Structure formats: structure tokens, C-alpha cells
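In: Generate coordinates for the sequence data below:
(chains A and B)
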2 protein chains.
Amino acid sequence: MATATNTNTKVVLNQYVPYGRISSDVFTVQTASPAPSEADLSEHDILIAPQYLSVDPYMRSRLASPEHEHVPAFIKGDAVNGPGVAKVLASKNPMFATGDMISGFDIPWAQFSVLSVVPGSHMDHMVQKIQGPLASVPMDWHMGAIGLGSFTGWYGLTEVGKPKPGETVVISSATGSVGQMVVQKAKALGLKVVAVAGSDEKVQYLKNTLKVDAAFNYKTVSSYAEALSEACPKGVDIYYDNVGGEFLDAVLAHTNKFGRVVACGAISGYQAEKGKLYGIKNYHQIITSQITIQGFFISDYYPTHYEAFVRDLSTLVKEGKFVYKLAVTYGLHNGPQAVIDMLEGRNFGKAVIKVAEL
Amino acid sequence: MATATNTNTKVVLNQYVPYGRISSDVFTVQTASPAPSEADLSEHDILIAPQYLSVDPYMRSRLASPEHEHVPAFIKGDAVNGPGVAKVLASKNPMFATGDMISGFDIPWAQFSVLSVVPGSHMDHMVQKIQGPLASVPMDWHMGAIGLGSFTGWYGLTEVGKPKPGETVVISSATGSVGQMVVQKAKALGLKVVAVAGSDEKVQYLKNTLKVDAAFNYKTVSSYAEALSEACPKGVDIYYDNVGGEFLDAVLAHTNKFGRVVACGAISGYQAEKGKLYGIKNYHQIITSQITIQGFFISDYYPTHYEAFVRDLSTLVKEGKFVYKLAVTYGLHNGPQAVIDMLEGRNFGKAVIKVAEL
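Out: Residues are numbered from 1 along each chain as shown, chains lettered A, B, ... in the order given. Presented below is the predicted three-dimensional model:
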């Protein structure tokens, strides 16, 4: 059990990197600090050991600078954190018992952590006991099928994209955390699904397993315009954008009257060198084709839409219309490389870290 | 009368100019062609003499190339055309009588023209007899206060911008054809109005006559970011965009959560040299601030909204909440220069040509 371990492996932020590609020296993997134990708990505290940690594109913003307007930055010298599933090892909080599983948005990337869950505080909303129907779901699903990315894709497609059967939807990063859900929900809604990914292996998976109507590898097509014309002979009605940049520009030129762009992510630019960010030139298409581009940030929609999402997902799963692929990295010490690989698009499936079994 | 004139002054497209700034050799002012007369009329035809012609930014698209997806290109060797008010000099059409005033969207830039108005045809919808309450309005208002630009601003602000009292709206090209309406309707709706224009004279007019809350000359401010911070201490809720480009980028960085960009025009880029169009870099702000950018094209909304617009405008005028400034160029032969001046932002007020009195 926890108390048998004296040291605590942590992934700690070493330096901020405002622009450009990150390398592993952004993080330090600390293995020498002492592990907290039950004796360290005050009232409301729980001692946790994460089992799965989520590796997500928005982490790039959190390590760019100590100040960030929209998501809190990671703190230099502290463990980074993010969505995760953890086991409660000890508790001085009446809401949690030893052995409970929890999910949370700010789980530290450390083998052991103490969380203070004061009722009514911010942290209270960020940590939930996994119970009820959700407790019978495999734990990795909390990172995957019913996790942040999947909910993001479901909300973005249905509420922001406002799809109508028969329309053509284009999805970038289609095998990623968000894209997998968008692709499969769009198919279930009767859309024509055109999926874009960054390797031939991903494209084959999209075609053979997810049964999309068309898919291409954006890295090897001779031009985005040609690939889009061929895949979308009737033009694009909805573009579910996870990448931004030059590909967005190309899609705008192919978007139909009253088309919608779901502005979900812009990973193509997250690692741009200073002053080298690609600028969108086809703004005039937004005017002439009466396009709507709408950004959204999923954390606002948990209270209003998460329950409906879980219900709908369970129907999709029962009807055999949903599978979800994880790209699992084993061991917290491999966390830095998992972040780098995800930002470089080398993960095939939603990127997660499986922390070593206790 | 018409038949007393033997020649017909026309502004004819001389060459297409795909990129860059246009000069007067884009047009030829023809003065030697014979004028049509009553004898030239067939069934459904009317002989017209325009009194006012509208000079609008979207003309730049129409003279860029012979093929254009969204607005029909001008035809090389033919008179250019656009919104205008004309007098009927002779008619073989039962819907129009000699002496009637008409307004239309495709009035040729010629002293005299023959229009075929076949009931049910496309042209039938483009030409209307000015009658009923609209006949008592000064004729120049058909180009101005109740014209295309004013209706555009009214629809864009109210239907696309979805304003709420107390919100801050920023308007570029604020003394232009569209901007004047946006500014005044926004004030009437109880918004905080921040107006942007390209000369100190325009800024003074916005402050002193249109009573905006803040205004600045974008050409002389030290930075867009500073000017916006100062003018919008609570951030921007709605940006009514007539210019696109670098100023749009700056506004995106100042836009509040759930802000809206009304994508109406992008005149800053209409005359860009090939490959030199400014690209929008702040796309990520759309995501993180959950901004909606929506383009629209006013011609679709005449059937559904024009009547409500005219009613609302008449209320605004009665309540002393609306004035409208025209930048009048006299004489058709000065038409080419009027187009150039408008594209360079030298018009102060909505640009129109007053064709010589008959």
C-alpha cells in the first residue's frame, strides 16, 4: 500500500516555453521527494494515487508562461496536473472513503498527492467520486469515451455545429481525443463524414474501423484544396476544427453557404516559433459564404449537457456505433515524452498515461 | 428630354485587376456612343436616366476577374452597374410610367439605359417603382438612409450581433455607408459605442454629431491594442467589422467571453497585392474566449427584414436619433475617381454619384 513507498515520482514543470516546440527538458521527473502518507492529512483531505492521467493539447498553453488568461498556467517547480482517475488511499473527508475511485480535472502528475476537497470550494467541483452507473464503466473510459475530449466532440458537433442529416462534415485530428467522437456521432446522425489525420495507419483505421465516407492523410496529399475537392464534391457544411492554420484556410475556401466552423482547437499553431504563426487569409469567405465560426470551451457545459452526453453515449455504445481508441503510455516517468508525442501528433488515439499499478 | 441628347456618357470596365490598388485606367468614360431613345424600346422595356448611383466596397470584387462566385463580375466593355435611383423617361412596361422614379440593384452607370423588366424574371426583383411612403422620402435617401448599406448595418447589428444594453460595440469604417447606421442604432439600443475611422475630421463628427462614447483615428494611434484598451476598458462584446485584417486581429485580443464579430466587410484587404493579404493570427482567441464570427450577405434578407428596417428607421428619424451623411461626387464622368476614393477611404460619408440633372 501507499505507506510502503517512501519516495514519490512527480512530473514537475522545469521552465516555461512561450513559443516553439517543446523538448523533454521542459519537465523534470523527480523521484527523490518523500511520498505523503495518511499522517499528512488534515480535515477535508484525501490521499490519492492516480491510475490514469490525460494528455491533452491545451497543456501547451499552460506551460507557455506563468500568466494565461483562459487556463491557469502550470506552476514552475510544482507537479503539472490535468484530468485523471485516481484511487483514494486514505481520507479525512466524509465524502470519500478509502478505496473509492475519483475523477478530477486537476489531478497532479505524482504517484501520491494530498487533495483538499473543501465542500463548496473550487476544488470540490473539480473532484468527483465515481459512483452510480459510471462506476461500472472501465476506468480508462473516464479518460476516453466519457472523458473531456469525447464530451468536447459531442457538444461541439451537436450544439455548435448544428448538423443536419445529409450534410458534409470535415474533421481534422480525426483519431484524436475529440475527433473520434465527432466522427462516430456524425455518422450516427446521418452526415457525410470526411476525416483528416496525419498518418496512413490512422487513415486506414478511419476507413476500415470507423467507416467514414472519405479520409486522407494531410501530410501526404499533394494539396489540401485538391484533397478537399475530391473528398467533398458537394462542398463542406460543417468543419470541426482541431488544428487551425493553413488547413482551416483551405477548408474555408470549400465551405458552402451558411457553413459552420466549430472552433475547437488550433494545434497546428500551438508550437509555432515566435512571429511564425500562420495567419488565416480566407476571412472574406466567411462574409461571402455567410459562414459562422464559433469557439467554445467545454468546461462551461458540464452542468447543462454532461448527463445528456452520457445517456447518448450509452445508446451509441449499445447500438454498436461507438468505439474509442486510447494511446497509452505506461509509467509516470514517461509523461514528458507522452506530452511531446501528443503535440507532434505521434499518438494514435486519445493520449493517456497509465500510472504504474500500486 | 432624353431624345434631345445624341450621345450617352458611360463608365465602362476597361480591364480586370485581380490584385492591388486600382487606378482610373480600370475604367473608360465613353462619351461618344449614341443614347438609346423611346424608339429602341421593346415590350417590357423602360428607358431610364439614373439620378443617384451608389459607390460600394463590394465593387472591388466585381472588377477583380471575369469569374466570381458570389457576386457577378462586371463585363469588360460594358457599363458597370450597381444600386441606384433613376427616372423613367419612357416605358413599354405596364408596371412603369414616364416620370416614375425607380430604385434598383443593377442600374447601369450610363446617362441613359434600356432595362427589360419581364415580370417574374430576375430583373423584375432588382427594379422597383418608388411608391407609397417611400416616395415621399428625398431621393438621395434611397442611396443613403434606406439604402443597401444602411439596411446592412441595421440587420448586421441587430440580427447577427445580438446586442444587449450596456454591452460595448466597436465599429470600423464608422462614418461609411454601413457604419453610420450601426453607430446610431447601437446608441439607440443603449450600447457603449466605440467608433473607428480614418481621419480626424471623421472622428470629430463621430464624437460631436453622432455622440459616440469613444472614437479614434486608426491611422494615427500609436497602437491598435492601446487605443482599444483605452476606449474599451471593459473589453469588446460586439465588433462590427467592415475592414478585416490587422485591426480585426487586434480586436479579437480584446474581445470578451461570448463576444460576437459581425463579419460584414474586409476592405483593408480588397486592394492587397498578390500574396500580401494580411492573415488573421488570433484565431486561438476565438476558441478561448468562445467568440462567434458570423458572415452575412444582405441581399438574402430583403424579403424577411426590409419592411421592419424601414419602420424602425422611420421611428429613429422621428425621435431625432438618426442622421445620414453622403459623400456626393457630381457627374458620371467622375465615377471612376469616386470608386478609387472610396476604396482608399477618402469618402467622408456614404459614397454616391449624383448624375448631372437632365
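In: okay, CA-based contacts and neighbour counts for the rest of this
Out: Will do.
In: Now do residue A:274: how many residues are near it, please.
Out: Number of residues near residue A:274 (other Cα atoms under 10 Å in any protein chain shown) recorded here: 9.
In: and it, what is it in contact with?
Out: A:19-20 (Cα atoms under 8 Å, 6 or more residues apart in numbering or on different chains).
In: separation between it and residue B:249?
Out: 16 Å (Cα to Cα, to the nearest Å).
In: Also residue A:63?
Out: Counting by Cα to Cα, the gap from residue A:63 to residue B:249 is 24 Å.
In: Looking at these two, which has the bigger crowd around it?
Out: Each of residue A:63 and residue B:249 has its neighbours counted (other Cα under 10 Å); residue A:63 has more, 26 against 20.
In: From what I see, the more buried one and residue A:72 are in contact.
Out: No - the criterion here is Cα atoms under 8 Å, and residue A:63 misses it with residue A:72 at 9.4 Å.
In: Show me which residues of the stretch 251-358 of chain A are close to chain B?
Out: A:263-266, A:277-281, A:283-284, A:286-297 (Cα under 8 Å from any Cα of the partner chain).
In: How about the residue of the stretch 1-150 of chain A found nearest chain B: what's its closest non-neighbour residue?
Out: Residue of the stretch 1-150 of chain A nearest chain B, by Cα to the nearest Cα: residue A:70 (6.2 Å). For residue A:70, ignoring the flanking residues on the chain, the nearest one in space by Cα to Cα, 6 or more residues apart in numbering or on different chains is residue B:288 at 6.2 Å.
In: Contact partners for the one you found?
Out: A:70, A:295-297.
In: Show me which of those residues are buried.
Out: A:295-297 (16 or more other Cα atoms under 10 Å in any protein chain shown).
In: what would these look like in a markdown table with secondary structure?
Out: Shown next, in a markdown table, are those (DSSP: H, G, I helix; E, B strand; the rest coil):
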| residue | secondary structure |
| --- | --- |
| A:295 | strand |
| A:296 | coil |
| A:297 | coil |
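In: From the residues you listed, which one has the minimum pLDDT?
Out: Lowest pLDDT within the buried ones among the contacts of residue B:288 is found at residue A:297 (91).
In: Could you check how far that one is from residue B:325?
Out: When residue A:297 is compared with residue B:325 (using Cα to Cα), they lie 42 Å apart.
In: Likewise for residue A:326?
Out: Taking Cα to Cα, one finds residue A:326 at 62 Å from residue B:325.
In: Give me the neighbour count for residue A:121.
Out: 10.
In: same deal with the one 5 residues further on?
Out: Neighbours of residue A:126 under the rule other Cα under 10 Å: 14.
In: Show me where chain A dips below the pLDDT cut-off.
Out: For chain A, residues meeting the criterion pLDDT under 70 lie at A:1-5, A:69, A:122-125, A:357-358.
In: What are the boundaries of the helices in it?
Out: Per DSSP state H, chain A carries helices over the ranges A:59-62, A:122-126, A:148-155, A:179-188, A:200-208, A:224-231, A:245-254, A:267-270, A:283-288, A:302-318, A:335-343.
In: nearest to residue B:78, of those helices?
Out: With distances scored as Cα to Cα, the stretch of the helices of chain A nearest to residue B:78 is helix A:283-288 (24.5 Å).
In: which parts of that closest one are buried?
Out: A:283-288.
In: quick one, what contacts the residue nearest to residue A:351 when sequence neighbours are not counted?
Out: Of all residues not flanking residue A:351 in the chain, residue A:327 sits nearest, at 4.7 Å (Cα to Cα, 6+ apart). Residue A:327 makes contact with A:347-352, according to Cα under 8 Å, 6+ apart.
In: Selecting buried members of those residues in PyMOL, what would you type?
Out: Filtering those down to the buried ones (16+ other Cα under 10 Å) takes a single PyMOL command:
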select buried, chain A and resi 347+348+349+350+351+352
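In: what's around the nearest residue to residue A:185 once chain neighbours are set aside, how many residues?
Out: Leaving out its chain neighbours, the residue that sits closest to residue A:185 by Cα to Cα, 6+ apart is residue A:154, at 7.0 Å. Close neighbours of residue A:154, defined as other Cα under 10 Å, add up to 28.
In: Next, format the buried ones among the contacts of residue B:288 as TSV and append distance to residue A:33.
Out: TSV is the format used below for these (distance: Cα to Cα, whole Å):
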residue	distance to residue A:33
A:295	41
A:296	39
A:297	35
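In: between those, which is closest to residue B:168?
Out: When the buried ones among the contacts of residue B:288 are compared against residue B:168 (criterion: Cα to Cα), the nearest one is residue A:295, at 19.7 Å.
In: who's the closest one bridged to?
Out: Under DSSP bridges, the beta-bridge partners of residue A:295 are residue A:263.
In: ok, now which ones touch it?
Out: A:262-264, B:286-292.
In: quick check, nearest of those to residue A:162?
Out: residue A:262 (9.6 Å).
In: The closest one: how many residues sit nearby?
Out: Residue A:262, neighbours per other Cα under 10 Å, totals 26.
In: gap between the residue nearest to residue A:351 and residue A:219?
Out: Taking Cα to Cα, one finds residue A:327 at 20 Å from residue A:219.
In: Surely the residue nearest to residue A:185 and residue A:309 touch.
Out: Yes - using Cα under 8 Å, residue A:154 makes contact with residue A:309 at a distance of 7.1 Å.
In: Contacts only, for residue A:243.
Out: A:172-173, A:265-269.
In: go again using 7 Å as the cut-off
Out: A:172, A:265-268 (Cα atoms under 7 Å, 6 or more residues apart in numbering or on different chains).
In: JSON lines for the residues you listed, including distance to residue A:145 and neighbour count?
Out: Output for the contacts of residue A:243, formatted as JSON lines (distance: Cα to Cα, whole Å; neighbours: other Cα atoms under 10 Å in any protein chain shown):
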{"residue": "A:172", "distance to residue A:145": "18", "neighbour count": "27"}
{"residue": "A:265", "distance to residue A:145": "19", "neighbour count": "26"}
{"residue": "A:266", "distance to residue A:145": "22", "neighbour count": "18"}
{"residue": "A:267", "distance to residue A:145": "21", "neighbour count": "21"}
{"residue": "A:268", "distance to residue A:145": "24", "neighbour count": "19"}
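In: Good, we can wrap up now.
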